[in-house]
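>>> Show me how the following folds:
(one chain, ligands or ions: 1)
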Amino acid sequence: MLRQYELVERVLAYAPQADEAMLNRAYVYTVQKHGTQKRASGDPYFSHPVEVAGLMTELKLDQETIVTALLHDTVEDTLATVEEIERLFGPDVARLVDGVTKLSKIETMTESERAAENLRKFLLAMSEDLRVLLVKLADRLHNMRTLHFIKSEDKRRRIARETMEIYAPLAQRVGMYEYMREMQLLAFEQLEPEAYATITGRLSAIRSEGGGEVGDIALSIKQALAEAGMRVEVAGREKHPYSIWKKMAERHVSFEQITDIMAFRVLVDDVGDCYRALGILHQTWQMIPGRFKDYISTPKINGYKSLHTSLIYNNARRVEVQLKTREMHHRNEYGLAAHWAYKQGGEPDAQVGWLRDLVEILDASHDPDELLENTKMAIYQDRIFAFTPKGSLFQLPKGATPIDFAFAVHTNLGAQAVGAKINGRHVPLRTPLGNGDVVEIIKSRNSEPQLSWLGFAVTGKARAAIRRAVRQKERAEVALIGRKLYEEITERLPTQVGKKALADAIKRLKMNGEEDLMVAIGTAKLDDRQVMEALVPGSTANLPNPEDWPRQQRAIAVRGLTPGMAFKLAECCHPVPGDRIVGLRRPGKGVEVHSIDCERLADGVDADWIDLSWDKRTDGAVGRLRAELYNRPGTLAEMAGIFAKNHANVVNLEMTQRENPFHTYLVDLEVRDLAHLTRIVSALRASDAVAQADRI
Ligand code: MN
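Have a look, this model is predicted:
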């Protein structure tokens, strides 16, 4: 294990201005916090974060990243909190540690969820700062290096699978090939022990037969280039057992058929030498057509640069050769991390540089598909990712609320939602979700979607479902009124109306069934006479004038309503100018004006039903709203202030519920019109004293 002074020295070697005291404090902090915790190897637990920090120094990462690596398991596994870390090490480190902690959540996800595309999106979104991802990758690499200490084979295989499916592709994604290869190799050993043993066995057999063939070929390459006056470094290696195995699987070939199991890397001083060396190698040994690739003139999307070719060495062995400059090599192996480290020297805002470099690389992409793939990181800035209590992951637009989440999980869950907990705490349904939140929806069977939810639901799915439910409810209510009127109408007919007569009437009136007919009656699209004639043709011929019919339902359009003696605004629904309204007229009484949504309308079927609209000059009415305030001092005053600022007079105020952590008030308010009332409701919603505000 790295000792404290060794780690600090390593950092100071490439970052002389680093805060030595902070590095020391972080080292001591992790040792203290992890205390006597042990690794499966028997080592003290803190050896792990220290080694992870060591891996980060190999990439020459900045001091915040090193400190984050040291602290990366303290929040998850010890009593340390993000707040404490912020106090001791500053907000940047706290944010990074929090990010690494949240990344660990993917390990609790089910396999199918992980395999899903949204896993990667989640990771990238969580890694707004790529240093979070780098620490997580180093964390995983060190865990893989010590995997063999874990006794349970199941556990080893699970971790290996995770590594193969999640972390190695991620390492590849950010161009950390060195990490990717080592992770794959270690995971391969666990997942396919027989194949691993066979391939490594074959490789060592070749080595002993050929007598260090890799070294011979490397030397020949070096000599050929030296004769042309070039100073180069040549390194040869056998392909990793895992990449050989993958090739065998992909190409359906046996080990014997895989001939290019050796690869050589030629490092030169500059780009010109790359091409010169290539020419010399092609003159010396036969090249294999179709295998040459120029990633210098056309780098890979992640910035990878190199020349690739395959040669037939001494007419016997196929070998791969990569030619590149030393700087290209370092960048290729450590991807963005190296790219960043290179630029870091002398650049004052290195952290900003990191992100800018990423953007540069993304900008450099040519293929539109790849561009899309790479700009997803930016696109994810508008997304949040939240979990169910069981760990299922849902992706939602930024600003989404528990209602959106509930509908995303299941339409029924959304329909029955009555409350929500975020990370175990009760919150109003309108609370915006944050990345990584665990959201629990509280439901009730008898509940149904509320119109007011449209004020804060943001996803199309939720909004459509809410509208559908509200419309259905409205239609059902209208149909109920229609049915009562219908029953009244049939009483006036000379003969009993049977099923057949009703079916015929529906056909005659060109309705789509019984409910449709009831809705038409309820909304006065059909008058009594039309319905009676359809049920019993000729039945209205001898009836008196429609005006004289008893308790008759009529649809009278009164345009330009002014509330007054004849028109009384109903107390139940408090319609205000701008609302859609209807009038109910009972014999000897004035007209009661209700909002079209008023539930009391169902009681009004014994009255005349009058289609009304507001006079444009109508000014003022009392609106009623319900506000849930947070139970803390000053919230009521805050609400009163909002009313005053909006010039609305409070005529009645009543506390209807006193329930931690909210107090619910019923407020009657004099407002000019619907727009005025809506503006006040919006102002309430915007206030942080108010948890929820709705008109009722
Ligand atoms: Mn760890």
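>>> Tell me which helix or strand comes right after the helix or strand hosting residue 169.
According to DSSP states H and E, residue 169 maps onto helix 168-173. The C-terminal neighbour of helix 168-173 among helices and strands, as given by DSSP H and E, is helix 177-191.
>>> ok so, going back, can you give me how far the helix holding residue 169 is from the chain middle?
Helix 168-173 has its C-alpha centroid displaced from the chain centroid by 20 Å (Cα atoms, centre = their mean, to the nearest Å).
>>> what number of residues lie near residue 81?
The number of residues packed near residue 81 is 12, by other Cβ atoms under 10 Å. Where you see a C-beta, it was placed from the backbone N, CA and C, and this is true even at glycine.
>>> what's around residue 38, how many residues?
11.
>>> Local confidence estimate at the closest residue in space to it that isn't next to it in sequence?
If the residues on either side of it in the chain are set aside, residue 38 comes closest to residue 45, at 6.0 Å by Cβ to Cβ, 6 or more residues apart in numbering. According to the predicted model, the pLDDT of residue 45 comes to 94.
>>> Would you mind measuring from residue 45 to residue 101?
Using Cβ to Cβ, to the nearest Å, we find residue 45 at a distance of 16 Å from residue 101.
>>> Please apply the same query to residue 192.
The spacing between residue 192 and residue 101, counted by Cβ to Cβ, is 32 Å.
>>> Of those two, which one has the most company?
In this view residue 192 and residue 101 are compared by other Cβ under 10 Å, and residue 101 has more residues nearby, 20 against 17.
>>> Hmm, residue 39 and the residue nearest to residue 38 touching each other?
Yes - assessed by Cβ atoms under 8 Å, residue 45 is found in contact with residue 39 at 5.6 Å.
>>> ok, these two, which is more surrounded?
For residue 45 versus residue 39, the count of surrounding residues by other Cβ under 10 Å is larger for residue 45: 19 against 16.
>>> List the contacts of the more buried one.
Remark: with contacts taken as Cβ atoms under 8 Å, 6 or more residues apart in numbering, residue 45 is in contact with 34, 37-39, 73, 77.
>>> ok so, going back, packing partners for the helix holding residue 169?
Under the contact criterion of 3 or more Cβ pairs under 8 Å, 6 or more residues apart in numbering; DSSP states H and E, helix 168-173 touches helix 117-126, helix 130-145, helix 177-191.
>>> distance of residue 694 from the ion?
Distance of residue 694 to the ion, given as Cβ to the ion, to the nearest Å: 46 Å.
>>> secondary structure element for that residue?
Under the criterion of DSSP H and E, residue 694 resides in strand 690-695.
>>> who does the one helix or strand residue 584 maps to pair up with?
For residue 584, the element it lies in under DSSP H and E is strand 581-585. Strand 581-585 has these partner strands in its sheet, going by DSSP bridges: strand 591-595 (antiparallel), strand 608-614 (antiparallel).
>>> still on that earlier bit, for the helices and strands packed on helix 168-173, give me TSV that also has mean pLDDT and distance to the ion.
TSV is the format used below for these (pLDDT from 0 to 100; distance: least, Cβ to the ion, whole Å):
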stretch	mean pLDDT	distance to the ion
helix 117-126	53	16
helix 130-145	90	4
helix 177-191	91	15
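>>> Which one, of these, ends up nearest to residue 8?
For the helices and strands packed on helix 168-173, distance to residue 8 was read as Cβ to Cβ. The smallest value, 18.0 Å, belongs to helix 130-145.
>>> So for the closest residue to the ion within the stretch 551-696 of the chain, what pLDDT did the model give?
Closest approach between the stretch 551-696 of the chain and the ion, counting by Cβ to the ion: residue 661, at 36.1 Å. At residue 661, the predicted lDDT confidence score is 81.
>>> Lowest average pLDDT across the strands paired with strand 581-585?
Of all the strands paired with strand 581-585, strand 608-614 carries the lowest average pLDDT, namely a mean of 68.
>>> Give the rounded mean pLDDT of the very next helix or strand once past that strand.
Proceeding N to C from strand 608-614, the next assigned helix or strand is strand 621-630, under DSSP H and E. Mean pLDDT, strand 621-630: 87.
>>> same check, this time on stretch 192-201
For stretch 192-201, mean pLDDT rounds to 88.
>>> wait, isn't residue 63 in contact with residue 19?
Yes - taking contacts as Cβ under 8 Å, residue 63 lies within contact range of residue 19: 5.9 Å.
>>> Residue numbers of the stretch 1-150 of the chain in contact with the ion?
73, 139 (Cβ under 5 Å from the ion).
>>> just for the stretch 1-150 of the chain, where's the confidence low?
106-128 (pLDDT under 70).
>>> what about 90?
In the prediction, the stretch 1-150 of the chain carries residues with pLDDT under 90 at positions 1-2, 14-18, 41, 58-62, 76-77, 79, 92, 95-96, 98-134.
>>> Regarding residue 282, which helix or strand does it belong to?
With DSSP H and E as the test, residue 282 turns up in helix 271-284.
>>> ok, residues contacting that helix?
In contact with helix 271-284 (Cβ under 8 Å, 6+ apart) are residues 221, 224-225, 228, 230, 232, 266, 268, 287, 296, 307, 309, 311, 321, 323-325.
>>> rerun at 10 Å
By Cβ atoms under 10 Å, 6 or more residues apart in numbering, the residues outside helix 271-284 that reach it are 220-221, 223-225, 227-232, 234, 264, 266-268, 270, 287, 292, 294, 296-297, 305-309, 311, 313, 321-325, 328.
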